[in-house]
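K.L.:
Let's see this in three dimensions:
(2 chains)
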Amino acid sequence: MSNHDGNCNYQLRCRECGRSWGNQPRSICHECFSPLEITYDYDAIHSSIAQERFGRERIAQRAPNMWRYSELLPLPAGFEPRLPVGFTPLFQAPRLAERLVGKKSDGKAAARNLYIKNDAVCLPTLSFKDRVVAVALAQVSAFGFDTVSCSSTGNLANAVAAHAARLGLKAWIFIPSDLEPAKILGTQVFGANVVRIAGNYDQVNRLCSQIAEERHWGFVNVNLRPYYAEGSKTVGFEIAEQLGWRLPDNVVVPMAGGSLITKIKKAFDELIKLGFVEDKPVKFFGAQATGCSPISTAVKTGSAEIEPQKPATIARSLAIGNPADGHYAIKTIKQSGGWSEDVSDPEVIDSIRLLAETEGIFTETAGGVTVGTAGKLYRQDRILPEETTVLCITGNGLKTTDVLAGVYEAERPIAPKLAEFEKYLHETLDTVEVAKEAAATVGA
Amino acid sequence: MAITIQIPTALRRHTAGVGSIACAATNLGELFSVLDEKFPELKPHLRDEAGQVRRFLNIYVNEEDIRFLGGPAYSFQDGDEVLLVPSIAGGAN
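P.N.:
Next comes the predicted model:
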């Protein structure tokens, strides 16, 4: 295969017409206008496995970060990672399972095989976007960029800005002007140039497509998008490895542009192809906020195409009304036998609180969407309690604290005296009991 | 009445490098007719065999996706700027 350095096992290929494009900052086939994606020379990878240079044992010997899967990522020859991104925790969530599904007769959670993949603690910027940015920026030197850029609903802005700072690159970040304050601050702090656009994400994205034609900048989600998207596969690789090199029955994934769900599928397919895991069916379930649900609407109405929407939801990291990978996300979900659901903004907030109170994970609104959707899918019997199910939590709640404003009352201060505390405790417990009685009355 | 059509770089190899044209099209159908006549090589890149706009092509009128304006039923206004913008997707096998 040819490429910028003539020595790697991947290249761009048109998703629709199959034409090869080598390696260059390009995301569209100039023959048929369809998207490009990375394809690999799997024979070469099989060869590496046969020679024991790559494989499950080799991976286990490597550092606990996403670069342990380098052979399955589009990285330039001799690439040296500068940041230990990924390899976030995967763990069972019995208390959440109990609240979503209930208990069995033996008192244990019915859905004992419910797992959380927790990218709320992905480093360095606390979202799964660190993965995709790390892979995209691996190419900037080879492509001759000294400036990187993106359109973003927040998490990507944070990640591009942080990684650019680490690599000594200039960064221009384009965001909708109504983004959460913490996400704006969490971009500016890295020294990036932040451009607020008076419009929604889809308008920002369209503008960036135009700017990318005018400037020699590496837009991670425009001209570097095929490379960037490959970073999402590492979520899938990690899930399989952390489950003991086996695939789950179900994965529930939040959807904005729709890329992540397709790339987790690609990761599982590659692991099967290479013999790392046993081939088995995995159902893919997509999660969206009702106020911006073009993909779940298409799935539920049986459409193969996206009808764009005007976003109106607190889940701003998922507020993409015209999702670029929507068509492929629909296909992934349908072909797997999965489904897609969406939840209201109040359900998002309830679900953020539920995950925090049961499992100690403070997720952002996208995580609330995922947990709320999972609850719906269990109630609809689309996901069965005994099945191994992984919920992908992709971002950290400290970035979207504004959505919880007003949910919790400010506690009145008390004097530093034991008697004061005893009085306070008595009053508080009384209040709790009264609230419980009121809830029981309503539920009766 | 005149509108302007902006053609993205990815398609300019089919327009001899022309990036913008002015015309008097009053709706999307007429706009495609104008482009078909001026740049015959462009036609298969914009619409499929059934005449439908290709999945990965977005059409904006000024700042708005034409689908929010009524799509083919929208009547262009004098001075409208029409952008043909590729939809950036990653795809997956």
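K.L.:
bridging residues for the spatially most central residue of chain B?
P.N.:
Nearest to the geometric centre of chain B sits B:L84, at 4.5 Å (Cα atoms, centre = their mean). Beta bridges link B:L84 to B:I59, judged by DSSP bridges.
K.L.:
out of everything not next to it in sequence, what's closest to A:S34?
P.N.:
Leaving aside its sequence neighbours, A:S34 sits nearest to A:E16 (Cβ to Cβ, 6 or more residues apart in numbering or on different chains; 3.6 Å). (Glycine included, C-beta is placed from N, CA and C.)
K.L.:
Report the secondary structure state of that neighbour.
P.N.:
coil (DSSP: H, G, I helix; E, B strand; the rest coil).
K.L.:
Show me the shaky parts of chain B.
P.N.:
Low-confidence segments of chain B (pLDDT under 70): B:88-93.
K.L.:
Repeat that for the stretch 1-150 of chain A.
P.N.:
In the stretch 1-150 of chain A (pLDDT under 70), the answer is A:1-7, A:108-109.
K.L.:
That one against chain B: which residues are in contact?
P.N.:
A:15, A:27-28, A:30, A:32-37, A:39 (Cβ under 8 Å from any Cβ of the partner chain).
K.L.:
Try it again at 6 Å.
P.N.:
Where the stretch 1-150 of chain A comes near chain B, counting by Cβ under 6 Å from any Cβ of the partner chain, the residues are A:15, A:27-28, A:30, A:33-35, A:37.
K.L.:
that older thread, neighbours of the residue nearest to A:S34, just the number please.
P.N.:
Using other Cβ atoms under 10 Å in any protein chain shown, A:E16 is surrounded by 17 other residues.
K.L.:
next one: the one 3 residues further on
P.N.:
Neighbourhood size, A:R19 [other Cβ under 10 Å]: 14.
K.L.:
That one reaches A:F33, doesn't it?
P.N.:
No. The pair A:R19 and A:F33 does not pass the contact test of Cβ atoms under 6 Å, sitting 11.6 Å apart.
K.L.:
For the closest residue to chain B within the stretch 251-400 of chain A, give me its contacts.
P.N.:
Here the stretch 251-400 of chain A gets closest to chain B at one residue, A:T262, 3.5 Å apart by Cβ to the nearest Cβ. Neighbour list for A:T262: A:325, A:328-329, A:332, B:92 [criterion: Cβ atoms under 6 Å, 6 or more residues apart in numbering or on different chains].
K.L.:
now these as TSV including distance to A:T363?
P.N.:
Output for the contacts of A:T262, formatted as TSV (distance: Cβ to Cβ, whole Å):
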residue	distance to A:T363
A:D325	22
A:Y328	25
A:A329	21
A:T332	23
B:A92	25
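K.L.:
most surrounded residue in those residues?
P.N.:
A:A329 (33 neighbours).
K.L.:
In a helix, it, correct?
P.N.:
Yes. With three-state DSSP as the criterion, A:A329 is assigned to a helix.
K.L.:
Give me the nearest residue to it, chain neighbours excluded.
P.N.:
A:G258 (3.3 Å).
K.L.:
Mind pulling up the pLDDT for the one you found?
P.N.:
We have a pLDDT of 95 for A:G258.
K.L.:
same deal with A:D342?
P.N.:
pLDDT, A:D342: 98.
K.L.:
Which helix or strand contains it?
P.N.:
In the assignment (DSSP states H and E), A:D342 maps to strand A:339-343.
K.L.:
Tell me, how many residues neighbour residue 73?
P.N.:
Since you didn't name a chain, this refers to chain A. Using other Cβ under 10 Å, A:L73 has 22 neighbouring residues.
K.L.:
ah, I was thinking of chain B
P.N.:
10.
K.L.:
Roughly how far does it sit from B:T26?
P.N.:
Distance, B:A73 to B:T26, using Cβ to Cβ, to the nearest Å: 11 Å.
K.L.:
and if you look at B:D80?
P.N.:
10 Å.
K.L.:
These two - which one has more neighbours?
P.N.:
Between B:D80 and B:T26, B:D80 has the larger neighbour count (other Cβ under 10 Å), namely 18 against 14.
K.L.:
Now do the contacts for the more buried one.
P.N.:
Applying Cβ under 6 Å, 6+ apart, the residues near B:D80 are B:3, B:61.
K.L.:
repeat that for 10 Å
P.N.:
Applying Cβ atoms under 10 Å, 6 or more residues apart in numbering or on different chains to B:D80 gives the contacts B:1-5, B:25, B:31, B:61-62, B:69, B:74.
K.L.:
now do A:A159
P.N.:
Counting by Cβ under 10 Å, 6+ apart, A:A159 touches A:85, A:122, A:124-134, A:136-137, A:150, A:152, A:186-187, A:190, A:220, A:231.
K.L.:
One more: A:P385?
P.N.:
A:97, A:100-102, A:104, A:109-114, A:378.
K.L.:
Can you flag which of these belong to strands?
P.N.:
Using DSSP state E, A:L114 are the members of those that sit in strands.
K.L.:
Can you name the element that comes right after the longest helix seen in chain B?
P.N.:
With DSSP state H applied, the helix covering the greatest number of residues in chain B is identified as helix B:28-38. Downstream of helix B:28-38, the first helix or strand assigned by DSSP H and E is helix B:43-46.
K.L.:
Pull out the buried positions in that following helix.
P.N.:
Residues of helix B:43-46 classed as buried: B:45-46 (neighbour count, 16 or more other Cβ atoms under 10 Å in any protein chain shown).
K.L.:
ok, and does that helix reach over to chain A?
P.N.:
Yes. For helix B:43-46, a contact with chain A is found by Cβ under 10 Å from any Cβ of the partner chain, at B:44-46.
K.L.:
Show me what that helix is in contact with.
P.N.:
Against helix B:43-46 from outside (Cβ under 10 Å, 6+ apart): A:29-34, B:7, B:10-11, B:13-14, B:31-32, B:35-37, B:39, B:51-54, B:57, B:59, B:84.
K.L.:
how close does A:L260 sit to A:A267?
P.N.:
10 Å.
K.L.:
what is in contact with the two at once?
P.N.:
Residues touching both A:L260 and A:A267 (Cβ under 10 Å, 6+ apart) are A:232-233, A:235-236.
K.L.:
which one among the residues you listed gets closest to chain B?
P.N.:
The shortest approach to chain B among the shared contacts of A:L260 and A:A267 belongs to A:S232, at 8.4 Å (Cβ to the nearest Cβ).
K.L.:
quick one, what contacts that closest one?
P.N.:
A:128-129, A:131-132, A:135, A:253, A:259-264, A:266-267, A:394, B:90, B:92.
K.L.:
shared neighbours, B:D80 and B:T26?
P.N.:
B:1, B:3, B:74.
K.L.:
Ramachandran angles for the second one?
P.N.:
Okay, so that is B:I3. Phi and psi for B:I3, reported as degrees, to the nearest 10, are phi -120, psi 160.
K.L.:
roughly how far apart are the closest residue to it other than its chain neighbours and A:W21?
P.N.:
Distances taken as Cβ to Cβ, 6+ apart place B:D80 nearest to B:I3, at 4.4 Å, with adjacent residues excluded. As judged by Cβ to Cβ, B:D80 and A:W21 stand 34 Å apart.
K.L.:
can you check A:T39 too?
P.N.:
10 Å.
K.L.:
Isn't A:A229 up against A:D325?
P.N.:
Yes. If you go by Cβ atoms under 10 Å, A:A229 and A:D325 touch, sitting 7.9 Å apart.
K.L.:
which residues touch the most centrally placed residue in chain A?
P.N.:
In chain A, the centroid-proximal residue (Cα atoms, centre = their mean) is A:T394; its distance is 4.2 Å. For A:T394, the contacting residues are A:88, A:117-120, A:122, A:126-129, A:131, A:155, A:232, A:235, A:253-254, A:256, A:260, A:317-318, A:363-364, A:366-367, A:369-370, by Cβ under 10 Å, 6+ apart.
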